[in-house]
Every structure is written in C-alpha cells, then in structure tokens.
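Chemist: predicted structure and sequence below. I'll ask about it afterward.
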Amino acid sequence: MAKYLLLKHYRGAPAAVNDVPMDRWSPEEITAHVRYMHDFAARLEQTGEFVDGQALAPEGAWVGYDGEGRPPVTDGPFAETKDLIAGWMIIDVDSYERALEVAGELSAAPGEGGKPIHEWLEVRPFLTAPPTITE
C-alpha cells in the first residue's frame with residue numbers, strides 16, 4: 001500500500017469542465033457536492049483505502065519564526081495555500097494506477113446544476129524514504 005495526497009485546488013490547475021466557483025452555487029448544489037464527498041470517502045473506508053480528508057476554510061495566514069516570542073504574520077505578495085487549496089484527501093492504495101483511478105472518480109463530484117465538475121486534482125505520493133543522492 002502507498003499513501004497519496006489528493007489536492008483540490010481553487011485555481012492553478014487547468015479549468016474544470018463545469019468551472020463555476022462554489023460561491024455561485026445554490027445551497028442545494030453545495031449540499032449535493034458535500035454529500036458526494038462524504039459518500040465517496042465512505043466507499044473508500046469500506047475498501048480500507050481512505051485515510052483522511054478535509055475541506056479547508058478560505059481564511060489563513062503565513063507565519064514564520066522571527067526570534068523569541070515574535071511570530072510575524074504576512075499575507076503576501078506570494079501565492080497562498082488559502083487561495084489555492086480547497087481541500088484534500090489522503091488515500092492508501094495498492095498502486096499509482098489505483099490512486100489515479102480514485103482521483104478521477106473524485107474529480108466527478110457534482111457542481112452547479114448537479115453536473116460533474118470534472119476538476120483537475122493534484123495527486124502526490126507521500127515520501128516514504130529519503131531521496132538517494134548519487135554523486
């Protein structure tokens with residue numbers, strides 16, 4: 001088994017087929033989308049492939065260490081994850097091909113009008129061993 005992170009992006013990926021921002025969906029469309037996500041996770045739990053997943057709120061800030069007791073907070077000018085990442089899911093599957101299959105199905109969550117979004121998801125494997133340097 002190998003773990004993969006599936007990232008749902010607000011922007012940065014190619015446009016989705018049903019590319020209407022969630023803030024323009026009806027309450028019923030949002031409910032249908034959230035239900036799909038929960039049902040999808042439940043199916044993966046039954047196969048032992050679901051590890052965790054969360055939707056992210058749009059609020060957030062960058063924080064860095066700048067000495068004892070002084071954590072500065074800044075909002076830019078760089079791209080922030082709160083602007084890019086809508087949510088994530090961690091899966092534990094038998095192969096990379098299965099990770100792609102799961103991501104493809106997750107991509108079909110309903111959006112505006114109940115039509116599948118067909119959004120692009122980023123599939124990232126967890127690092128299982130330090131990279132080998134060959135020099």
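Modeler: Yep, it's here. Residues are numbered from 1 along each chain as shown.

Chemist: and Ile91, what are its phi and psi?
Modeler: Ile91 adopts backbone torsions of phi -120, psi 160, taken as degrees, to the nearest 10.

Chemist: no wait, Lys3
Modeler: Dihedral angles of Lys3 (phi, psi; degrees, to the nearest 10) stand at phi -90, psi 140.

Chemist: surely it meets Ile90?
Modeler: Yes: here Lys3 lies in contact with Ile90, judged by CB atoms under 8 Å, at a distance of 6.0 Å. (C-beta placed from N, C-alpha, C; glycine too.)

Chemist: buried stuff in the longest helix anywhere in the chain?
Modeler: Longest helix of the chain, by residue count under DSSP state H: helix 27-47. Residues of helix 27-47 classed as buried by neighbour count (16 or more other CB atoms under 10 Å): 29, 32-33, 36-37, 40-41, 44.

Chemist: show the average pLDDT along that helix.
Modeler: What helix 27-47 shows for mean pLDDT is 95.

Chemist: touching that helix from outside, list them.
Modeler: For helix 27-47, the external contacting residues (CB atoms under 8 Å, 6 or more residues apart in numbering) are 22, 25, 50, 53, 55, 89, 91, 102, 105-106, 109-114.

Chemist: next step: these restricted to strands.
Modeler: 50, 53, 55, 89, 91 (DSSP state E).

Chemist: where along the protein do the helices fall?
Modeler: Ranges of helices in the chain, per DSSP H, are 27-47, 81-84, 96-106.

Chemist: can you lay out those as a markdown table showing distance to Phe126?
Modeler: Formatted as a markdown table, the helices of the chain follow (distance: least, CB to CB, whole Å):
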| stretch | distance to Phe126 |
| --- | --- |
| helix 27-47 | 16 |
| helix 81-84 | 18 |
| helix 96-106 | 11 |
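
Chemist: closest one to His118 among these?
Modeler: The minimum distance between His118 and the helices of the chain falls on helix 96-106, with 9.2 Å, by CB to CB.
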